[in-house]
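# Here's my sequence, what's the structure:
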Amino acid sequence: MNLTTVILAAGKGTRMRSQLPKILHFIGHKSLLRHVYDSSVNLNNNAIHVVIGHGAEQVKKTLANLSVNWIEQTQQLGTGHAVQQVSNQIDDNSMVLILYGDVPLLQAETLKALLGKTNEKTLSLLTVNLKNPTGYGRIVRNDSGKVLRIVEEKDASSTEKIIAEVNTGILAVQGASLKKWLSQLNNNNAQGEYYLTDIIALAVEDGFDIATTAPQNEDEVLGVNDKLQLAHLERVYQLQQAQNLMREGVSLRDPKRFDLRGEIIELGQDVEIDVNVIFEGENRIGNNVKIGANCSIKNATIGDDVIILANCVIENAVIGANSRIGPFARLRPETVLATETHIGNFVEIKKSTIGQGSKVNHLSYIGDSLIGKKVNIGAGTITCNYDGVNKFQTIIEDGAFIGSDTQLVAPVTIGKNATIGAGSTITKDAPDNQLTLSRSKQMSMEGWQRPVKKEKL
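Numbering: from 1, shown residues only. The predicted model follows:
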(Lines give C-alpha, C1' and ligand atoms only; values in the text may rest on other atoms or scores of the structure.)
Protein backbone atom coordinates (compact mmCIF):
# COMPACT_ATOMS: atom_id res chain seq x y z
CA MET A 1 0.00 0.00 0.00
CA ASN A 2 1.24 3.49 -0.84
CA LEU A 3 2.01 5.86 1.99
CA THR A 4 1.12 9.55 2.18
CA THR A 5 2.92 11.54 4.86
CA VAL A 6 1.52 14.90 5.90
CA ILE A 7 3.86 17.10 7.94
CA LEU A 8 2.11 20.00 9.66
CA ALA A 9 4.47 22.98 9.74
CA ALA A 10 2.38 26.13 9.38
CA GLY A 11 2.60 27.56 12.90
CA LYS A 12 4.18 30.92 13.66
CA GLY A 13 6.00 29.87 16.81
CA THR A 14 5.30 33.08 18.72
CA ARG A 15 7.02 31.84 21.87
CA MET A 16 10.30 31.42 19.99
CA ARG A 17 10.47 35.25 19.87
CA SER A 18 12.26 35.10 16.55
CA GLN A 19 11.75 36.38 13.01
CA LEU A 20 12.89 32.97 11.78
CA PRO A 21 10.02 30.50 11.27
CA LYS A 22 10.02 27.99 14.11
CA ILE A 23 10.58 24.96 11.89
CA LEU A 24 13.80 26.50 10.51
CA HIS A 25 15.51 26.65 13.90
CA PHE A 26 18.29 24.13 14.20
CA ILE A 27 19.07 21.10 16.31
CA GLY A 28 22.53 19.86 15.53
CA HIS A 29 23.19 20.74 11.89
CA LYS A 30 19.63 20.36 10.65
CA SER A 31 16.45 22.40 10.90
CA LEU A 32 13.54 21.01 12.90
CA LEU A 33 11.61 20.30 9.72
CA ARG A 34 14.59 18.59 8.11
CA HIS A 35 14.83 16.23 11.10
CA VAL A 36 11.18 15.27 10.65
CA TYR A 37 11.61 14.83 6.91
CA ASP A 38 14.66 12.61 7.38
CA SER A 39 12.82 10.35 9.83
CA SER A 40 10.11 9.64 7.25
CA VAL A 41 11.67 9.95 3.80
CA ASN A 42 12.93 6.36 3.67
CA LEU A 43 9.58 4.77 4.52
CA ASN A 44 8.41 2.65 1.60
CA ASN A 45 6.39 4.22 -1.24
CA ASN A 46 6.13 7.49 0.61
CA ALA A 47 4.78 10.74 -0.87
CA ILE A 48 5.46 13.62 1.51
CA HIS A 49 3.29 16.75 1.76
CA VAL A 50 4.31 19.66 3.98
CA VAL A 51 1.68 22.15 5.11
CA ILE A 52 3.30 25.54 5.63
CA GLY A 53 1.98 28.95 6.58
CA HIS A 54 4.07 31.43 8.54
CA GLY A 55 7.19 32.32 6.54
CA ALA A 56 6.14 29.97 3.74
CA GLU A 57 8.39 31.44 1.06
CA GLN A 58 11.40 31.45 3.36
CA VAL A 59 10.74 27.83 4.32
CA LYS A 60 10.45 26.72 0.69
CA LYS A 61 13.60 28.61 -0.30
CA THR A 62 15.66 27.31 2.62
CA LEU A 63 14.58 23.69 2.14
CA ALA A 64 14.18 23.70 -1.63
CA ASN A 65 16.15 20.44 -1.92
CA LEU A 66 13.51 18.39 -0.07
CA SER A 67 11.43 16.03 -2.22
CA VAL A 68 8.06 17.23 -0.94
CA ASN A 69 4.84 18.80 -2.12
CA TRP A 70 4.48 22.20 -0.43
CA ILE A 71 0.92 23.18 0.51
CA GLU A 72 0.19 26.59 2.01
CA GLN A 73 -2.36 27.05 4.79
CA THR A 74 -3.16 30.75 4.48
CA GLN A 75 -5.32 30.77 7.63
CA GLN A 76 -4.22 28.79 10.67
CA LEU A 77 -7.52 27.37 11.94
CA GLY A 78 -6.23 24.30 13.71
CA THR A 79 -4.63 20.95 12.97
CA GLY A 80 -7.76 19.52 11.40
CA HIS A 81 -7.99 22.49 9.06
CA ALA A 82 -4.33 22.02 8.15
CA VAL A 83 -4.82 18.40 7.11
CA GLN A 84 -7.95 19.42 5.17
CA GLN A 85 -5.64 21.42 2.88
CA VAL A 86 -4.09 18.14 1.73
CA SER A 87 -7.34 16.18 1.46
CA ASN A 88 -7.57 16.37 -2.33
CA GLN A 89 -3.98 15.05 -2.59
CA ILE A 90 -4.72 11.89 -0.58
CA ASP A 91 -5.54 8.67 -2.41
CA ASP A 92 -8.44 6.75 -0.88
CA ASN A 93 -6.43 3.52 -0.82
CA SER A 94 -3.26 4.99 0.65
CA MET A 95 -2.12 4.91 4.25
CA VAL A 96 -1.79 8.39 5.72
CA LEU A 97 0.83 9.32 8.34
CA ILE A 98 0.44 12.63 10.20
CA LEU A 99 3.61 14.23 11.57
CA TYR A 100 4.57 17.64 12.99
CA GLY A 101 7.39 19.86 11.79
CA ASP A 102 8.44 20.87 15.31
CA VAL A 103 8.86 17.32 16.71
CA PRO A 104 12.42 16.65 15.53
CA LEU A 105 13.66 13.56 17.37
CA LEU A 106 11.05 11.04 16.25
CA GLN A 107 12.73 7.82 15.14
CA ALA A 108 11.97 5.89 11.95
CA GLU A 109 11.59 2.68 14.00
CA THR A 110 8.77 4.29 15.98
CA LEU A 111 6.97 5.25 12.78
CA LYS A 112 7.33 1.75 11.37
CA ALA A 113 5.81 0.30 14.55
CA LEU A 114 2.91 2.75 14.28
CA LEU A 115 2.26 1.91 10.64
CA GLY A 116 2.49 -1.79 11.42
CA LYS A 117 -0.67 -1.56 13.53
CA THR A 118 -2.67 0.36 10.92
CA ASN A 119 -5.16 -1.24 8.53
CA GLU A 120 -8.50 -0.56 6.86
CA LYS A 121 -10.38 -0.80 10.16
CA THR A 122 -7.71 0.38 12.59
CA LEU A 123 -6.44 3.89 13.28
CA SER A 124 -3.04 3.92 15.01
CA LEU A 125 -2.15 6.61 17.49
CA LEU A 126 1.19 7.41 19.11
CA THR A 127 0.71 8.18 22.80
CA VAL A 128 3.00 8.74 25.77
CA ASN A 129 2.59 8.81 29.55
CA LEU A 130 3.86 12.00 31.17
CA LYS A 131 4.46 12.83 34.81
CA ASN A 132 3.16 16.31 34.05
CA PRO A 133 0.62 16.12 31.20
CA THR A 134 -0.39 19.78 31.46
CA GLY A 135 -1.04 21.30 28.05
CA TYR A 136 -1.55 18.02 26.21
CA GLY A 137 -4.69 16.35 24.92
CA ARG A 138 -5.64 13.39 27.14
CA ILE A 139 -6.43 9.89 25.89
CA VAL A 140 -9.87 8.92 27.19
CA ARG A 141 -10.43 5.15 27.42
CA ASN A 142 -13.41 3.07 28.58
CA ASP A 143 -13.33 0.57 31.43
CA SER A 144 -11.95 -2.15 29.16
CA GLY A 145 -9.10 0.08 28.00
CA LYS A 146 -10.37 0.94 24.54
CA VAL A 147 -9.69 4.46 23.30
CA LEU A 148 -12.88 6.50 23.02
CA ARG A 149 -11.68 9.99 22.21
CA ILE A 150 -9.08 12.67 22.85
CA VAL A 151 -9.94 15.71 24.92
CA GLU A 152 -7.85 18.85 24.67
CA GLU A 153 -6.53 20.51 27.83
CA LYS A 154 -8.83 23.54 27.58
CA ASP A 155 -11.87 21.35 27.07
CA ALA A 156 -10.98 18.70 29.67
CA SER A 157 -12.85 18.19 32.93
CA SER A 158 -10.98 18.07 36.23
CA THR A 159 -11.19 14.27 36.14
CA GLU A 160 -9.87 14.08 32.58
CA LYS A 161 -6.96 16.36 33.45
CA ILE A 162 -5.66 13.71 35.84
CA ILE A 163 -5.08 11.31 32.92
CA ALA A 164 -1.34 10.85 32.33
CA GLU A 165 -1.57 9.28 28.86
CA VAL A 166 -1.46 12.05 26.28
CA ASN A 167 -1.77 12.47 22.57
CA THR A 168 1.38 13.20 20.57
CA GLY A 169 -0.69 14.14 17.53
CA ILE A 170 1.13 11.55 15.45
CA LEU A 171 -1.22 9.02 13.86
CA ALA A 172 -1.73 6.73 10.88
CA VAL A 173 -5.01 5.94 9.15
CA GLN A 174 -6.45 4.76 5.85
CA GLY A 175 -6.96 7.59 3.31
CA ALA A 176 -10.67 7.28 2.50
CA SER A 177 -11.69 7.18 6.14
CA LEU A 178 -9.51 10.17 7.03
CA LYS A 179 -11.04 12.26 4.26
CA LYS A 180 -14.54 11.34 5.43
CA TRP A 181 -13.83 12.37 9.03
CA LEU A 182 -12.07 15.58 7.99
CA SER A 183 -15.26 16.67 6.24
CA GLN A 184 -17.22 16.13 9.49
CA LEU A 185 -15.03 18.30 11.75
CA ASN A 186 -16.44 21.39 13.43
CA ASN A 187 -14.94 24.15 15.57
CA ASN A 188 -17.32 23.96 18.55
CA ASN A 189 -14.60 24.13 21.19
CA ALA A 190 -12.79 26.56 23.49
CA GLN A 191 -10.25 27.50 20.81
CA GLY A 192 -12.72 27.85 17.94
CA GLU A 193 -10.46 25.61 15.85
CA TYR A 194 -10.83 22.42 13.85
CA TYR A 195 -9.07 19.76 15.90
CA LEU A 196 -7.58 16.78 14.11
CA THR A 197 -7.96 14.89 17.39
CA ASP A 198 -11.76 14.92 16.93
CA ILE A 199 -11.41 12.24 14.26
CA ILE A 200 -10.70 9.70 17.02
CA ALA A 201 -14.27 9.89 18.33
CA LEU A 202 -15.56 9.78 14.75
CA ALA A 203 -13.49 6.68 14.09
CA VAL A 204 -14.89 4.99 17.20
CA GLU A 205 -18.42 5.82 16.05
CA ASP A 206 -17.66 4.12 12.73
CA GLY A 207 -16.53 0.96 14.51
CA PHE A 208 -12.80 1.48 14.05
CA ASP A 209 -10.30 0.09 16.53
CA ILE A 210 -7.86 2.65 17.94
CA ALA A 211 -4.47 1.01 18.34
CA THR A 212 -1.84 2.84 20.36
CA THR A 213 1.94 2.59 20.35
CA ALA A 214 4.51 4.38 22.47
CA PRO A 215 7.93 5.84 21.62
CA GLN A 216 11.10 4.52 23.24
CA ASN A 217 11.30 7.63 25.41
CA GLU A 218 9.44 10.84 26.10
CA ASP A 219 11.99 13.10 24.43
CA GLU A 220 11.34 11.44 21.09
CA VAL A 221 7.88 13.05 20.82
CA LEU A 222 8.52 16.39 22.50
CA GLY A 223 7.83 19.44 20.37
CA VAL A 224 9.63 22.77 20.30
CA ASN A 225 7.65 25.84 21.33
CA ASP A 226 10.34 28.06 22.85
CA LYS A 227 14.11 28.35 23.17
CA LEU A 228 14.16 26.40 26.43
CA GLN A 229 12.62 23.38 24.73
CA LEU A 230 14.94 23.85 21.76
CA ALA A 231 17.97 23.79 24.07
CA HIS A 232 16.68 20.73 25.91
CA LEU A 233 16.23 18.73 22.71
CA GLU A 234 19.63 19.91 21.46
CA ARG A 235 21.26 18.28 24.49
CA VAL A 236 19.14 15.14 24.05
CA TYR A 237 20.19 14.94 20.40
CA GLN A 238 23.85 15.54 21.17
CA LEU A 239 23.87 12.84 23.82
CA GLN A 240 22.38 10.47 21.27
CA GLN A 241 25.17 11.39 18.85
CA ALA A 242 27.77 10.82 21.54
CA GLN A 243 26.31 7.46 22.48
CA ASN A 244 26.33 6.35 18.84
CA LEU A 245 30.01 7.24 18.55
CA MET A 246 30.87 5.42 21.75
CA ARG A 247 29.10 2.32 20.40
CA GLU A 248 31.46 2.60 17.43
CA GLY A 249 34.45 2.61 19.78
CA VAL A 250 35.16 6.31 20.35
CA SER A 251 36.36 7.26 23.83
CA LEU A 252 34.62 10.45 24.95
CA ARG A 253 35.90 11.96 28.20
CA ASP A 254 32.44 13.37 28.91
CA PRO A 255 29.58 12.49 26.52
CA LYS A 256 27.53 15.40 27.87
CA ARG A 257 30.18 17.87 26.72
CA PHE A 258 30.42 16.94 23.05
CA ASP A 259 28.70 18.34 19.96
CA LEU A 260 28.37 16.78 16.53
CA ARG A 261 26.77 19.39 14.27
CA GLY A 262 27.48 17.46 11.13
CA GLU A 263 28.76 13.99 10.31
CA ILE A 264 31.77 11.80 10.86
CA ILE A 265 31.58 9.83 7.64
CA GLU A 266 34.76 7.82 8.20
CA LEU A 267 35.85 6.72 11.67
CA GLY A 268 38.87 4.70 12.71
CA GLN A 269 39.52 2.77 15.89
CA ASP A 270 40.88 3.97 19.22
CA VAL A 271 39.83 7.59 18.80
CA GLU A 272 39.94 9.68 21.98
CA ILE A 273 38.09 12.99 22.28
CA ASP A 274 38.31 15.33 25.27
CA VAL A 275 35.58 17.70 26.48
CA ASN A 276 33.91 20.55 24.59
CA VAL A 277 34.95 19.40 21.13
CA ILE A 278 32.64 20.50 18.30
CA PHE A 279 32.48 18.80 14.90
CA GLU A 280 30.71 20.45 11.97
CA GLY A 281 30.28 19.49 8.33
CA GLU A 282 31.72 16.25 6.97
CA ASN A 283 34.72 14.81 8.77
CA ARG A 284 37.01 11.82 8.40
CA ILE A 285 39.02 10.50 11.34
CA GLY A 286 41.70 7.82 11.17
CA ASN A 287 42.95 5.33 13.75
CA ASN A 288 44.55 6.26 17.08
CA VAL A 289 43.60 9.93 16.84
CA LYS A 290 43.63 12.01 20.03
CA ILE A 291 41.78 15.34 20.16
CA GLY A 292 42.23 17.69 23.11
CA ALA A 293 39.67 19.84 24.84
CA ASN A 294 37.86 22.83 23.34
CA CYS A 295 38.65 22.13 19.69
CA SER A 296 36.40 23.21 16.81
CA ILE A 297 36.73 20.96 13.75
CA LYS A 298 34.87 21.43 10.47
CA ASN A 299 35.15 19.48 7.21
CA ALA A 300 38.47 17.96 8.21
CA THR A 301 40.33 14.84 7.17
CA ILE A 302 42.50 13.61 10.03
CA GLY A 303 45.01 10.82 9.37
CA ASP A 304 46.11 7.96 11.60
CA ASP A 305 47.99 8.65 14.84
CA VAL A 306 47.35 12.40 14.75
CA ILE A 307 47.43 14.34 18.02
CA ILE A 308 45.42 17.56 18.16
CA LEU A 309 46.08 19.41 21.39
CA ALA A 310 43.63 21.70 23.17
CA ASN A 311 41.97 24.83 21.76
CA CYS A 312 42.60 24.30 18.06
CA VAL A 313 40.35 25.54 15.25
CA ILE A 314 40.44 23.44 12.08
CA GLU A 315 38.35 24.08 8.98
CA ASN A 316 38.46 22.48 5.53
CA ALA A 317 41.89 21.06 6.19
CA VAL A 318 43.73 17.77 5.65
CA ILE A 319 46.09 16.52 8.35
CA GLY A 320 48.49 13.74 7.45
CA ALA A 321 49.25 10.73 9.61
CA ASN A 322 51.54 11.03 12.67
CA SER A 323 51.18 14.80 12.79
CA ARG A 324 50.89 16.95 15.90
CA ILE A 325 48.76 20.10 16.03
CA GLY A 326 48.48 22.78 18.70
CA PRO A 327 47.70 23.84 21.28
CA PHE A 328 45.97 27.01 20.09
CA ALA A 329 46.62 26.37 16.38
CA ARG A 330 44.34 27.46 13.57
CA LEU A 331 44.19 25.60 10.26
CA ARG A 332 42.14 27.56 7.78
CA PRO A 333 40.56 26.34 4.51
CA GLU A 334 42.77 24.67 1.88
CA THR A 335 45.45 23.72 4.35
CA VAL A 336 47.03 20.38 3.53
CA LEU A 337 49.56 18.87 5.91
CA ALA A 338 51.62 15.88 4.87
CA THR A 339 52.61 13.14 7.29
CA GLU A 340 54.70 13.83 10.40
CA THR A 341 54.16 17.58 10.40
CA HIS A 342 54.22 19.68 13.57
CA ILE A 343 52.06 22.78 13.86
CA GLY A 344 52.50 24.42 17.24
CA ASN A 345 50.94 26.96 19.53
CA PHE A 346 49.49 30.17 18.10
CA VAL A 347 50.28 29.18 14.51
CA GLU A 348 47.83 30.09 11.75
CA ILE A 349 47.97 28.38 8.37
CA LYS A 350 45.81 29.27 5.39
CA LYS A 351 45.67 27.84 1.84
CA SER A 352 49.04 26.19 2.17
CA THR A 353 50.61 22.78 1.62
CA ILE A 354 53.26 21.67 4.09
CA GLY A 355 55.49 18.71 3.30
CA GLN A 356 56.41 15.62 5.27
CA GLY A 357 58.28 16.17 8.50
CA SER A 358 58.12 19.97 8.38
CA LYS A 359 57.61 22.05 11.53
CA VAL A 360 55.95 25.38 12.24
CA ASN A 361 56.02 25.33 16.00
CA HIS A 362 55.51 28.83 17.39
CA LEU A 363 53.64 32.09 16.81
CA SER A 364 53.71 32.14 12.99
CA TYR A 365 51.44 32.90 10.05
CA ILE A 366 51.77 30.83 6.89
CA GLY A 367 49.46 31.81 4.04
CA ASP A 368 49.35 30.95 0.32
CA SER A 369 52.49 28.88 0.68
CA LEU A 370 54.02 25.72 -0.74
CA ILE A 371 56.42 24.24 1.79
CA GLY A 372 58.58 21.19 1.12
CA LYS A 373 59.81 18.34 3.28
CA LYS A 374 61.70 18.71 6.57
CA VAL A 375 61.43 22.48 6.62
CA ASN A 376 61.84 24.15 10.01
CA ILE A 377 60.11 27.50 10.40
CA GLY A 378 61.14 29.49 13.47
CA ALA A 379 58.97 31.44 15.88
CA GLY A 380 57.35 34.63 14.67
CA THR A 381 57.72 33.93 10.96
CA ILE A 382 55.25 35.61 8.63
CA THR A 383 54.59 34.99 4.97
CA CYS A 384 53.59 38.43 3.74
CA ASN A 385 51.19 37.21 1.06
CA TYR A 386 48.89 40.20 0.59
CA ASP A 387 49.76 43.62 -0.84
CA GLY A 388 46.36 45.09 -0.09
CA VAL A 389 44.92 44.07 -3.47
CA ASN A 390 46.37 40.74 -4.58
CA LYS A 391 47.74 37.64 -2.86
CA PHE A 392 51.01 35.97 -3.79
CA GLN A 393 52.67 32.63 -3.10
CA THR A 394 55.68 31.81 -0.97
CA ILE A 395 57.66 28.67 -1.87
CA ILE A 396 59.99 27.09 0.66
CA GLU A 397 61.84 24.10 -0.71
CA ASP A 398 62.96 20.91 1.06
CA GLY A 399 65.24 21.16 4.05
CA ALA A 400 65.15 24.94 4.42
CA PHE A 401 65.56 26.54 7.85
CA ILE A 402 63.75 29.82 8.51
CA GLY A 403 65.09 31.76 11.50
CA SER A 404 62.82 33.36 14.05
CA ASP A 405 61.10 36.68 13.39
CA THR A 406 61.45 36.43 9.63
CA GLN A 407 59.18 38.14 7.11
CA LEU A 408 58.97 36.45 3.71
CA VAL A 409 57.52 38.99 1.30
CA ALA A 410 55.76 37.10 -1.48
CA PRO A 411 56.19 36.25 -4.26
CA VAL A 412 59.43 34.71 -3.09
CA THR A 413 61.17 31.32 -3.20
CA ILE A 414 63.48 29.94 -0.52
CA GLY A 415 65.82 27.38 -2.05
CA LYS A 416 66.56 23.82 -1.02
CA ASN A 417 68.49 23.53 2.26
CA ALA A 418 68.68 27.33 2.44
CA THR A 419 69.01 29.06 5.81
CA ILE A 420 67.38 32.40 6.56
CA GLY A 421 68.93 34.31 9.43
CA ALA A 422 66.72 35.35 12.31
CA GLY A 423 65.12 38.78 12.08
CA SER A 424 65.37 38.99 8.30
CA THR A 425 62.97 40.56 5.83
CA ILE A 426 63.33 38.57 2.62
CA THR A 427 62.12 40.23 -0.57
CA LYS A 428 64.19 38.30 -3.13
CA ASP A 429 64.63 34.59 -3.81
CA ALA A 430 67.14 32.89 -1.53
CA PRO A 431 69.52 30.39 -3.20
CA ASP A 432 69.97 26.73 -2.30
CA ASN A 433 72.40 25.72 0.44
CA GLN A 434 73.31 29.28 1.46
CA LEU A 435 72.71 31.58 4.41
CA THR A 436 70.57 34.58 3.49
CA LEU A 437 69.87 37.38 5.92
CA SER A 438 69.04 41.07 6.04
CA ARG A 439 69.79 43.06 9.16
CA SER A 440 70.56 46.63 10.09
CA LYS A 441 73.97 47.28 11.59
CA GLN A 442 73.95 46.88 15.37
CA MET A 443 75.11 49.96 17.25
CA SER A 444 75.86 50.84 20.88
CA MET A 445 75.91 54.53 21.83
CA GLU A 446 78.31 55.75 24.49
CA GLY A 447 77.08 58.42 26.85
CA TRP A 448 73.43 57.73 26.23
CA GLN A 449 71.22 58.14 29.28
CA ARG A 450 67.87 56.54 29.81
CA PRO A 451 65.07 59.13 30.30
CA VAL A 452 64.00 59.60 33.92
CA LYS A 453 60.46 60.42 34.92
CA LYS A 454 60.16 63.88 36.49
CA GLU A 455 58.90 63.93 40.05
CA LYS A 456 55.61 65.72 40.61
CA LEU A 457 55.83 68.78 42.84
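# low-confidence ranges in the stretch 201-350 of the chain?
When residues are selected by pLDDT under 70, none of them lie in the stretch 201-350 of the chain.
# contact partners of the longest helix along the chain?
When the chain is parsed with DSSP state H, its longest helix is helix 227-247. For helix 227-247, the external contacting residues (CB atoms under 8 Å, 6 or more residues apart in numbering) are 16-17, 25, 27-28, 104-105, 219, 222-224, 252, 255-256, 258-260, 264, 267. Placement of C-beta: from N, CA and C, glycine included.
# Off-centre distance for stretch 36-51?
Taking CA atoms, centre = their mean, to the nearest Å, one finds stretch 36-51 lying 20 Å from the centre of the chain it belongs to.
# Now do the buried residues in that stretch.
Using 16 or more other CB atoms under 10 Å as the test for burial, stretch 36-51 gives 36-37, 39-40, 43, 46-51.
# Quick check: buried residues in the longest helix of the chain?
230, 233-234, 236-238, 240-242, 245.
# Neighbours of G137, how many?
G137: 25 surrounding residues under other CB atoms under 10 Å.
# what about the residue nearest to it when sequence neighbours are not counted, distance to A190?
Residue nearest to G137 in three dimensions, not counting chain neighbours: N167, with 4.1 Å by CB to CB, 6 or more residues apart in numbering. With distances taken as CB to CB, to the nearest Å, N167 is found 16 Å from A190.
# Between the two, which has more neighbouring residues?
N167 (24 against 10).
# from memory that one sits against D198, does it?
No. Counting by CB atoms under 8 Å, D198 is not a contact partner of N167; they are 11.4 Å apart.
# shared neighbours of the two, which are they?
Common contacts of N167 and D198 (CB under 8 Å, 6+ apart): I150.
# Using a markdown table, please lay out the buried residues of helix 227-247 together with distance to A430.
Output for the buried residues of helix 227-247, formatted as a markdown table (distance: CB to CB, whole Å):
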| residue | distance to A430 |
| --- | --- |
| L230 | 56 |
| L233 | 58 |
| E234 | 53 |
| V236 | 58 |
| Y237 | 53 |
| Q238 | 50 |
| Q240 | 55 |
| Q241 | 49 |
| A242 | 50 |
| L245 | 47 |
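# between the residues you listed, which is closest to W181?
Proximity of the buried residues of helix 227-247 to W181 (CB to CB) peaks at L233, which lies at 31.3 Å.
# Distance check, the closest one against D92.
According to CB to CB, L233 and D92 sit 36 Å apart.
# again with N44
For N44, the distance to D92 - CB to CB - is 19 Å.
# What of D38?
When D38 is compared with D92 (using CB to CB), they lie 28 Å apart.
# Check W70 too.
Note on W70: its distance to D92, by CB to CB, is 23 Å.
# okay, the two: which has more neighbours?
W70 (16 against 11).
# Tell me the secondary structure at the more buried one.
With DSSP: H, G, I helix; E, B strand; the rest coil as the basis, W70 sits in strand.
# quick one, helices of the stretch 1-150 of the chain?
Using DSSP state H, counting those that start in this stretch, the helices of the stretch 1-150 of the chain run over residues 32-40, 56-62, 79-84, 108-116.
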